[in-house]
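Peer 1: Need a 3D model of the sequence below.
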Amino acid sequence: MSTTHIPSRIKFHNQTQRLELAWDSDANSDGLFLTAEMLRVLSPSAEVRGHGKGNEVLQVGKKEVRISKLEPIGNYALKIHFDDGHDSGLYDWNYLHQMAHNSAQLWQEYLDKLASEGKSRDAAQIQFKAID
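Peer 2: Next up is the predicted model:
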């Protein structure tokens, strides 16, 4: 049976749009932060992850996304509501632990995907095509 990494502290900093997390079981967990943008683009939802390997949907233009609400789900997860309307991912404690402890690598992988597809974090740089 795997260990559940239940956070001992969850604090949302509204001004900086960062979620601060700590775990008593981790000596190096003080000061772990996840930005609203990172939480949004790496959402565990089917909208982002797809319905299987290779069906992931790269999230673009989310640089200015904000968290509008945090909702605890039982004793196992957070539901995060974003101001772009996204609210379908449940961030369980283990997923948040994995994100927080691997944030630099996960963020770089996301930036590399954006670059390889010629996409941008900035919503102003997204081009829309007119459909006739």
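
Peer 1: pLDDT score for residue 24?
Peer 2: Residue 24 carries a pLDDT value of 85.

Peer 1: which residues sit in contact with the closest residue to it other than its chain neighbours?
Peer 2: Leaving aside its chain neighbours, residue 24 sits nearest to residue 8 (4.2 Å; criterion: Cβ to Cβ, 6 or more residues apart in numbering). Placement of C-beta: from N, CA and C, glycine included. Contact analysis of residue 8 by Cβ atoms under 8 Å, 6 or more residues apart in numbering lists 22, 23, 24.

Peer 1: what's the distance between residue 8 and residue 39?
Peer 2: Counting by Cβ to Cβ, to the nearest Å, the gap from residue 8 to residue 39 is 19 Å.

Peer 1: Find the residue at the geometric middle of the protein.
Peer 2: The centroid of the chain falls nearest to residue 39 when counting by Cα atoms, centre = their mean (1.5 Å).

Peer 1: Identify the residues contacting the helix or strand where it lies?
Peer 2: Element membership for residue 39, per DSSP states H and E: helix 36-41. With contact meaning Cβ under 8 Å, 6+ apart, helix 36-41 is reached by 17-19, 48, 59, 62-67, 80, 82, 84, 86, 91, 99, 103, 106-107, 110, 121.

Peer 1: Mark which of those residues are buried, thanks.
Peer 2: Burial by neighbour count, judged by 16 or more other Cβ atoms under 10 Å, picks out 17-19, 48, 59, 62-63, 65, 67, 80, 82, 86, 91, 99, 103, 106-107, 110, 121 from the contacts of helix 36-41.
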